[in-house]
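Colleague: what's the 3D shape of this:
(2 chains)
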Amino acid sequence: MREIVEKAISKGAEFCDIRTVETESTLLEFKDGKLQTVNSGLDRGGGLRTISKGAWGFSSFTDTSRESLEKALNASLATSIQLADKVSPKVVLAKVDPSSKEFKWTPEKDPIPVPIETKLEMIRDMHDSAKEVEGVHSVTTAYGDIRDTVRIVNSEGTDLRSEVTRTFGRVQVTARKGSDVVSFADACGATGGMEIFDLRDPIAMSKSAGESAVRILSARRPPSGTMPLVADPDLAGVFAHEAVGHASEGDWVVAGNSCLEGIMGEKIGNDMVTIIDDPGLDGGYGSFPFDSEGVIGKKKFLVDHGVLSEYILNRETAHLLKMEPNGGARAASYNVLPIVRMSNTYIQEGDYSFEEVLEGIGKGVYAKGTRGGQVSTARGTFQFNASEAFLIENGEITVPLKDVSFSGQTLEVLKSIDRVGNDFQLGRPGNCGKYQWVPVSDGGPHVRVKEVTIGGGS
Amino acid sequence: MLDNGIRLVNKALEMGADDAEACILVRKGLEHKIEKGKVKLATAEDSVGRGLRIMKDHKLGFSFSTDMNNDDALVEKALSLSRLGKEMKEFSLPSKAKLTSVGSTFDKRLADLPLDYGVGCCEEGIRGALDVSEEINVTSGRVRYGSETLYVANSVDLEAEDRVTYFFGEVDSVLKKNGVSNGTEVYWSKQMDADLYEVGKGSAQWAIDTANPEKMEGGKMTVLFHPLPFRSMMEFVLVPALYADRARKGESVYSDRIGEMVADESISVFDDPTMPNGPNSGIMDDEGTPSSRTDLIVKGNLESFLYDSLVASEYSEKSTSNAMKVARLSDIRQFKYPPRVCARNFTLEGPQRPLEDLIAETDDGVLVHGILGAHTSNPASGDFSISSPRLLRIKNGEIKNPVAPVMISGNFPELLKDISGLGDDRRNMKGSMGALGIISPSARFEDVLVIG
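Modeller: Numbering: from 1, shown residues only, chains lettered A, B, ... in the order given. Sure, this is the predicted structure:
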């Protein structure tokens, strides 16, 4: 690899890096009493980037022989050169000191040597515990482990290696009463091995998912309109990710596609709101030692006590925005270019107990977890759906609600947060899909928003 | 490459498999990106990988690798996994069958990967947007094209290959003038026939048309969905509800409802991977089953579900040629996934009328061009509650003003029973997050809850 990047420079490139990724993965899915999927294998390949005459080129390969790398170099240089007279401004990378280091994040209980029968037993037990709940119609449980072995070599002298393992358990329950059908999903996962199941019992999680699905089946539809919302730690984290994290991504900011462009240093939220993206967070599903450009991951205070303080940056956007690179470039695989991405995004905990967060709400909604969300970064509009929700009446949680979604404007909602709880939790593991799917996690404490638009009735 | 697959199958049989299927996927492509009104970069992909599915004592095992030489390791892994695998006594691999060519699925000009073509398309997209207004910022966009070749070989003498080309173009425009508005347009094809100038123009026009929105009162009203948002709603609610692995297990609103009227009697829904130039058209699916059309809803009546050969064997049905090597949220086929049920060219059809007429007949409604959160819909019940940041008010048959973001809620299967018109703007699209293909025009519904 070193020889190839040097060859790129000798051929006139200003910069070259090669990132190789070997992914060893196992996925088991158990559905309705049967093992449905057993899938395991090895995916290995690399991606080579060049900057030549100020233009990017990129070529990916699965054949890692020297001949193949040379072919990839030529293809990458050809695309760089072809675009050289069209790219403006010319690509310049913010300076990063070269680094040579190996990061081996060894799991406490390495999942790779664990017999597949043990993993199967776990998802069978998860399945059975959910299925025992009266009213549950069908259950799918899954176990997965993924080990990424990465090496990045660049023409500035960087040579970094890492080995990171992620492990997860997942449950999806369908409950049915007559023609009414609802589904509920939950998951636990982290960077690490089987020890993650000591922190959150997957069997208890599955049973709870079954109970939630049955409860939602007889839940009523939510009221529609504008009202207070209390988000649980999981959902608060999704807000941090979708509404603030995406708009903080340097590529959107540079392109003019973010509602946070041009307001760095300005007060955009209540004093009690601090939002962080931290790839070094212990056990976060989105944690990594260095990003896909070979920059060590740094903790970023996107919003610090209400003030917009940092963007998430790769080396190119750091240069354009005249900021320090902070290790925010990620690629889902060897065959795609790194782009600016989040890692573990969360709202920092505040001072209020859960009871104080609920206090004083005449009529509102308490929303837990999420089936996902989406954002228009340019307009600053977001939408989320809660996995489960309850009505709040006079400061008390009362009846369950089904299919609660809510929507708002990022810059309005940040100012509308008026209580931040003291009960931080990292939410369930997820995958963020900005062109490529990368593992992330989100979290926070309970958070109260004075006013959002609630939908879900029909 | 087919020889490699045949060799792998033979090795699997030699090492003890009762049956085996090798599937090799070769992708060669280019992607050009637009950023802030300029052509930004070009990327090239050249990948090959193989998946092996084996049967041993009626149990299935699957493994994959990018190593194209070490047959023993791949077979050993698949065999060891099969010991725990799902018992499928009725399952047999698809046997050799006549494959009929499908029109316009391959264009050599795209397969040759001309570098200049992508650059030219990006420049045209930018020019189209700026011709609408010089105040437009083409914030991002992309053009992706190339070829995919699938080789399938199995132990019941199936040896087949299918090479298709693909093209995808997207232009995103932002207008900053008394606030921010944006627009997106996209185009898919298997031919070198894209007009990115028009894509860019369309993208910019939406940004212009939805600038300076006004807040509106909510209530029940007519909602006219543009094909792109309507596609997203079908992708996450209607399409998976018609997958047999859900519907036959009682996890879908359409479970146990074959023969019932489930949509307006003017509406038919089918999957047709044999249509020329369809998003997922080809001579076969990813198990080598010859492509064929499947009628799902015929004039409102539910007739069938979509199957791959594995799910079909559980219910004594035949595969509908809907096996694809995809994950739920992957927008391309990949060698590392075992085949699963996936819509290929899912088509909603009915009497189409000029879009202008549908608007002219609407007294009180909205025309929705952009939505957020279709993927958060409840896949089991079909309930949805989405946000629309890009829409226009319709009053007394005329488009009035752009509207500030609203939420739209309802139950999608119920809406289908009351569809009040389809536009004459049918489009070929791929999923917003998945690899499935969807073909649909605009669709109008009455009495839908809009929350302002």
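Colleague: For A:Arg151, which three-state class applies?
Modeller: Counting by DSSP: H, G, I helix; E, B strand; the rest coil, the backbone at A:Arg151 sits in strand.
Colleague: Burial check on it, number of neighbours?
Modeller: 17 (other Cβ atoms under 10 Å in any protein chain shown). All C-beta spots, glycine's among them, are computed from the backbone N, C-alpha and C.
Colleague: residue contacts, A:Leu93?
Modeller: Neighbour list for A:Leu93: A:Phe15, A:Ile51, A:Arg315, A:Glu316, A:His319 [criterion: Cβ atoms under 8 Å, 6 or more residues apart in numbering or on different chains].
Colleague: could you dump those residues to JSON lines with neighbour count and pLDDT?
Modeller: Supplementary listing: the contacts of A:Leu93 in JSON lines, determined by neighbours: other Cβ atoms under 10 Å in any protein chain shown; pLDDT from 0 to 100:
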{"residue": "A:Phe15", "neighbour count": "20", "pLDDT": "96"}
{"residue": "A:Ile51", "neighbour count": "25", "pLDDT": "94"}
{"residue": "A:Arg315", "neighbour count": "25", "pLDDT": "97"}
{"residue": "A:Glu316", "neighbour count": "24", "pLDDT": "96"}
{"residue": "A:His319", "neighbour count": "18", "pLDDT": "97"}
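Colleague: Out of these, which sit inside strands?
Modeller: Here DSSP state E is the test, and the contacts of A:Leu93 give A:Phe15, A:Ile51 as lying in strands.
Colleague: ok, which of the contacts of A:Leu93 also contact chain B?
Modeller: The subset of the contacts of A:Leu93 lying close to chain B, counting by Cβ under 8 Å from any Cβ of the partner chain, is empty.
Colleague: which of the contacts of A:Leu93 lies closest to B:Pro114?
Modeller: Nearest to B:Pro114 among the contacts of A:Leu93: A:Ile51, at 22.8 Å, using Cβ to Cβ.
Colleague: who does the closest one bridge with?
Modeller: Under the criterion DSSP bridges, A:Ile51 forms beta bridges with A:Phe15, A:Trp56.
Colleague: With the one 10 residues further on instead?
Modeller: Applying DSSP bridges to A:Phe61 yields these beta-bridge partners: A:Gly46, B:Asp46.
Colleague: Just give me the neighbour total for it.
Modeller: 25.
Colleague: quick one: contacts for B:Glu251?
Modeller: B:Glu251 touches A:His137, A:Ser138, A:Thr174, A:Val181, A:Ser183, B:Ala380, counting by Cβ under 8 Å, 6+ apart.
Colleague: still on that earlier bit, include distance to B:Gly125 when you put the contacts of A:Leu93 into JSON lines, please.
Modeller: Formatted as JSON lines, those follow (distance: Cβ to Cβ, whole Å):
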{"residue": "A:Phe15", "distance to B:Gly125": "28"}
{"residue": "A:Ile51", "distance to B:Gly125": "24"}
{"residue": "A:Arg315", "distance to B:Gly125": "27"}
{"residue": "A:Glu316", "distance to B:Gly125": "22"}
{"residue": "A:His319", "distance to B:Gly125": "26"}
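Colleague: give me phi/psi at B:Arg7?
Modeller: phi -60, psi -40 (degrees, to the nearest 10).
Colleague: Type out the PyMOL command that picks the buried ones from the contacts of B:Glu251.
Modeller: Applying 16 or more other Cβ atoms under 10 Å in any protein chain shown to these leaves a buried subset, and the PyMOL line that selects it is:
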select buried, (chain A and resi 137+138+174+181+183) or (chain B and resi 380)
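Colleague: of the contacts of B:Glu251, closest to A:Phe290?
Modeller: Of those, the one sitting nearest to A:Phe290 (Cβ to Cβ) turns out to be A:Ser183, at 37.9 Å.
Colleague: tell me the contacts of that closest one?
Modeller: A:Gln172, A:Val173, A:Thr174, A:Ala175, A:Ala213, B:Glu251, B:Asn378, B:Pro379, B:Ala380.
Colleague: Phi, psi for it please.
Modeller: phi -130, psi 150.
Colleague: same thing with B:Ala12?
Modeller: phi -60, psi -40.
Colleague: Would you agree it is in contact with B:Met55?
Modeller: No. At 9.6 Å, B:Ala12 and B:Met55 do not qualify as touching, with contact defined as Cβ atoms under 8 Å.
Colleague: overlap in contacts of those two?
Modeller: Joint contacts of B:Ala12 and B:Met55 (Cβ under 8 Å, 6+ apart) are B:Ala20.
Colleague: Quick check: pLDDT value at residue 67.
Modeller: You didn't pick a chain, so chain A it is. A:Glu67 is assigned 91 on the pLDDT scale.
Colleague: actually chain B
Modeller: 90.
Colleague: and it, how far is that from A:Gly41?
Modeller: To A:Gly41, B:Asp67 is 10 Å away according to Cβ to Cβ, to the nearest Å.
Colleague: Now do the contacts for B:Asp131.
Modeller: B:Tyr197, B:Gly200, B:Lys201, B:Ala204.
Colleague: between the residues you listed, which has the most around it?
Modeller: Counting by other Cβ under 10 Å, top hit in the contacts of B:Asp131: B:Gly200 with 33 neighbours.
Colleague: longest helix anywhere in the chain?
Modeller: You didn't pick a chain, so chain A it is. When chain A is parsed with DSSP state H, its longest helix is helix A:66-83.
Colleague: That was the other one, I meant chain B.
Modeller: helix B:115-132.
Colleague: tell me what whichever strand or helix holds A:Ile4 is packed against?
Modeller: Using DSSP states H and E, A:Ile4 sits in helix A:2-10. Applying 3 or more Cβ pairs under 8 Å, 6 or more residues apart in numbering or on different chains; DSSP states H and E, we find helix A:2-10 packed against strand A:15-31, helix A:66-83, strand A:136-154.
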